[in-house]
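have a look; sequence and predicted model below, questions after that.
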Amino acid sequence: MADFVIIGILIILIIIGIRSGVKHFKGEGGCCGGGSSVKVKRKKLKQVVKQRTVVIDGMTCEHCKARVESRLNSLDGVLAKVNLKRKTAVVSMEKDVEDEVIKKAIENAGYEVIEIR
């Protein structure tokens with residue numbers, strides 16, 4: 001009888017694990033801090049003079065997306081839109097901002113910059 005109880009508990013735990021794993025890989029889970037508690041400040045640029053696309057590794061959920069957008073948008077003269085599925089951020093600038101500044105902001109958020117183009 002005890003074997004059936006243990007097997008039942010294990011089956012329930014496996015089902016819960018599979019469901020949360022599926023949500024995580026779809027980018028719906030709170031893998032790195034829970035939900036999307038990071039509020040992204042919305043701003044507008046007066047005139048876009050330069051645009052870069054940044055390929056980013058390590059983003060897996062909406063919380064990750066919000067963290068990257070928030071860090072980039074905190075830079076003066078920068079507006080970023082992150083595409084979680086493509087693992088990219090389109091960074092628009094109203095003045096010339098060096099790639100190294102953009103890279104450092106993303107890496108300080110905890111993600112890896114693969115390429116800036």
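Sure thing, it's come through. Numbering: from 1, shown residues only.

quick one: contacts of stretch 93-112?
Residues outside stretch 93-112 that contact it (C-beta atoms under 8 Å, 6 or more residues apart in numbering): 32, 45-52, 54, 56-59, 64, 67-68, 70-72, 74-79, 89, 91, 113, 116. Where C-beta positions appear, they are placed from N, C-alpha and C, glycine not excepted.

same for the strand ranked longest in the chain, what does it pack against?
In the chain, with assignment by DSSP state E, the single longest strand is strand 50-57. Applying 3 or more C-beta pairs under 8 Å, 6 or more residues apart in numbering; DSSP states H and E, we find strand 50-57 packed against strand 88-93, helix 99-108, strand 112-116.

so what's the residue count around Lys43?
10 (other C-beta atoms under 10 Å).

that one is in what secondary structure piece?
Of the helices and strands defined by DSSP states H and E, none includes Lys43.

next, count neighbours for Val97.
Neighbours of Val97 under the rule other C-beta under 10 Å: 18.

any idea how far it is from Ile18?
43 Å (C-beta to C-beta, to the nearest Å).

how is the protein partitioned into domains?
1-29, 50-116 (automatic domain parsing).

just to revisit the earlier point, give me the buried entries from the contacts of stretch 93-112.
52, 54, 56, 58-59, 64, 67-68, 70-72, 75, 77-79, 89, 91, 113, 116 (16 or more other C-beta atoms under 10 Å).

need the longest helix for this structure.
The residue-count maximum for a helix in the chain (DSSP state H) belongs to helix 2-25.

Glu62 reaches Leu84, doesn't it?
Yes. The pair Glu62 / Leu84 is scored as a contact, 7.0 Å apart, by C-beta atoms under 8 Å.

related to what we said a few turns ago, redo the domains of the chain as a markdown table? Include distance to Lys41 and mean pLDDT.
Formatted as a markdown table, these follow (distance: least, C-beta to C-beta, whole Å; pLDDT from 0 to 100):
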| stretch | distance to Lys41 | mean pLDDT |
| --- | --- | --- |
| domain 1-29 | 22 | 80 |
| domain 50-116 | 6 | 94 |
